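Trainee: fold the stuff below for me.
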Amino acid sequence: MNTEELEILEHIYRKGYHSQREISKCTGYSLGKVNQSLRKLREEGYLTNDIRFTNHCKRLMEHNRSDNAIILAAGFGMRMTPLNQEVPKGLLEVRGEILIERIIEQLVRAGIHKITVVVGFLKESYEYLIDKYGVDLAVNMEYVSKNNLHSLSCVREQIENTYIIPCDIYCAENPFSSQEFYSWYMVTDEKKISSDVKLNKKRELIRIKKEECGNDMLGISYINQKDSMWIREKLQEYSQNPAYDDLFWEETLYRNGKMIVGARKVSARDFFEINTLEQLREADESSVSLKSDVLTLIADVFHAEEQDIRNIKILKKGMTNRSFQFEFNHSKYIMRIPGPGTEKLIDRKKEYEVYQAIKDTGICDDVYYINPENGYKITGYLDNAKVCDDHDWTMVEKCMSVLREFHNKNLKVHHTFDLYEHIEMYEKFWEGNSCFGDYEETKKSVLALKPFVEKQEKKWTLTHIDANADNFLIWKNENDREEIKLIDWEYAGMQDAHLDVAMFAIYSMYQREEVDRLIDCYFEGECPADTRLKIYSYIALGGLLWSNWCEYKRQQGQEFGEYSIRQYRYAKEYSRMVQKELKKREVCKSETEKKN
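Mentor: Numbering: from 1, shown residues only. Got it, this is the predicted structure:
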């Protein structure tokens, strides 16, 4: 039986049979197609001559009877920034109702009582649903680093005659029923460039090219018993493959370029996602969820109305913070919101002092607001800026020149960034031992460099500490002149300026010859041998520092891939290198003394 015939059976079940013309109007099929499908359904024993369901059809219905629902609510809802800082997107209010509560109530009215909500971000906020509606909660512990394919995989064994539903959908009409006839995926009649599929003439959902427009994908689906095995197998396979970490669960629906399920096409006027602040405003400008402390703060800073803050776009998540871009009065800005756990890592009062020290130097982006208590910060957005390409040595040389000039200003603050204290501090934050088996040996080797480092001459000044390539922004000013800004001063404090050179090197994951080339850029080819060896020592110390930092963040659910391993390798390899060189010097000195 094809999708057309199944849709016609479903129409008769829901609305009864009145005429072929009425079926044609509701389904969109031509009268000829309706007539042909009805004839085939009678021939195959699904309908009687007077258009009633046969026992054969009733057995089909029994196999497809709706059994349960899974609501996916684990993600950050990053496109809902800044609202997602205060409430998960499933709990947003639209037209007087909480999104996820409306979905649950629609399911219950359709006779679906077995409901599982997969949670992650702000998971405790959903706990009340257990008592109010009798739902089950399943927790996706990997919601930080993986997409909703992994949320669905957590409960894949439940998939059989199941509705799969995102938590951020508003359905003006109830799309659920106690009886379904086939597996389907819901799309709207609206075309979007962000879609992956489109309806072809056969009413199939097929993949499209990236530059094409497709039907807006809503994420609601029904998976019957027959198709559930395919979905469960694909979820298990894909969830074990890191290549699928960023993908949506819909990836499991494809076979040979098209979805294995039918299409359920609905009107975009009645079914829509609430994915962004703008979409929420459009759906319900009086929603209480629009009352955001973050939006109120921005409005106060710029003496504006909240509705004048527009075009909010999430920026790539940093290692420490979550940031978003917004527009006000035709200018663009960036709002920084510190990520979870950063209060342990960064003293915001010290950061505030640093920004006061550098505010008149022109070294950083324009700061319009910074709160020394919670770390919220608003800066100007540099249009068409690009970060330093750490393998473009012309660009690197310019950045080192800017860094050297900044160091030569000899700015002062009242606090120091103590490398050794921070290494110990991050280690104390761990829950248990290091993931590296030889950590204690490596740490001993690195800290053995301290006496040598302490004896070396230092340029003691305000130092960035996190002077990596991504924090150098290159842009053209209003006079079309190139400028370089150094941003993100969270870790800055008094230190040896040469530590910044080491930090640039290890963040760029340079090999030895690239490290030496970087040092030559900063010192313009005149770096003393002892200073070079001191920078090698800083590379070892910095490697251990950031490796310990990564270990703490990993235990909080953030992974940094190769970066954390490479930092640990810097700690091991450069500590050995420096000790080997120091031992060589001692041997040479001893031999010289013997000769004399």
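Trainee: three-state assignment of residue 222?
Mentor: The local conformation at residue 222, judged by DSSP: H, G, I helix; E, B strand; the rest coil, is strand.
Trainee: count of residues packed around the closest residue to residue 173 other than its chain neighbours?
Mentor: Leaving aside its sequence neighbours, residue 173 sits nearest to residue 270 (CB to CB, 6 or more residues apart in numbering; 5.6 Å). Where C-beta positions appear, they are placed from N, C-alpha and C, glycine not excepted. When neighbours are defined as other CB atoms under 10 Å, residue 270 has 12 of them.
Trainee: was I right about residue 270 contacting residue 172?
Mentor: Yes. Judged on CB atoms under 8 Å, residue 270 makes contact with residue 172 at a distance of 4.0 Å.
Trainee: help me confirm that residue 323 is found in a strand?
Mentor: Yes. Under three-state DSSP, residue 323 falls within a strand.
Trainee: and it, what's its pLDDT?
Mentor: As predicted, residue 323 sits at a pLDDT of 83.
Trainee: adjacent strands (with direction) for the helix or strand that residue 333 is a member of?
Mentor: Residue 333 is located in strand 331-338, with elements delineated by DSSP states H and E. Using DSSP bridges, the strands paired with strand 331-338 are strand 321-328 (antiparallel), strand 377-380 (antiparallel).
Trainee: how about the helices of the stretch 301-450 of the chain, start to end?
Mentor: Here the stretch 301-450 of the chain has its helices, by DSSP state H, counting those that start in this stretch, at 342-345, 348-358, 393-407, 419-429, 439-447, 450-455.
Trainee: which one of those helices lies nearest to residue 6?
Mentor: helix 342-345 (52.7 Å; CB to CB).
Trainee: can you tell me how far the spatially closest residue to residue 326 that is not a sequence neighbour sits from residue 376?
Mentor: The shortest distance from residue 326 to any non-neighbouring residue, by CB to CB, 6+ apart, is to residue 312 (4.8 Å). Distance of residue 312 to residue 376, given as CB to CB, to the nearest Å: 15 Å.
Trainee: how about the helices of the stretch 301-450 of the chain in JSON lines, adding distance to residue 106?
Mentor: Output for the helices of the stretch 301-450 of the chain, formatted as JSON lines (distance: least, CB to CB, whole Å):
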{"stretch": "helix 342-345", "distance to residue 106": "39"}
{"stretch": "helix 348-358", "distance to residue 106": "44"}
{"stretch": "helix 393-407", "distance to residue 106": "55"}
{"stretch": "helix 419-429", "distance to residue 106": "45"}
{"stretch": "helix 439-447", "distance to residue 106": "53"}
{"stretch": "helix 450-455", "distance to residue 106": "65"}
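Trainee: go through the host helix or strand of residue 26 and flag the buried ones.
Mentor: Assigned by DSSP H and E, residue 26 belongs to helix 20-27. Buried residues in helix 20-27, counted by 16 or more other CB atoms under 10 Å: 20, 23, 24, 27.
Trainee: same check, this time on stretch 36-47
Mentor: 37, 38, 40, 41, 46, 47.
Trainee: let me have these in CSV, extended by secondary structure, distance to residue 401 and pLDDT.
Mentor: Output for these, formatted as CSV (DSSP: H, G, I helix; E, B strand; the rest coil; distance: CB to CB, whole Å; pLDDT from 0 to 100):
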residue, secondary structure, distance to residue 401, pLDDT
37, helix, 75, 90
38, helix, 80, 93
40, helix, 78, 91
41, helix, 78, 91
46, coil, 79, 91
47, strand, 82, 91
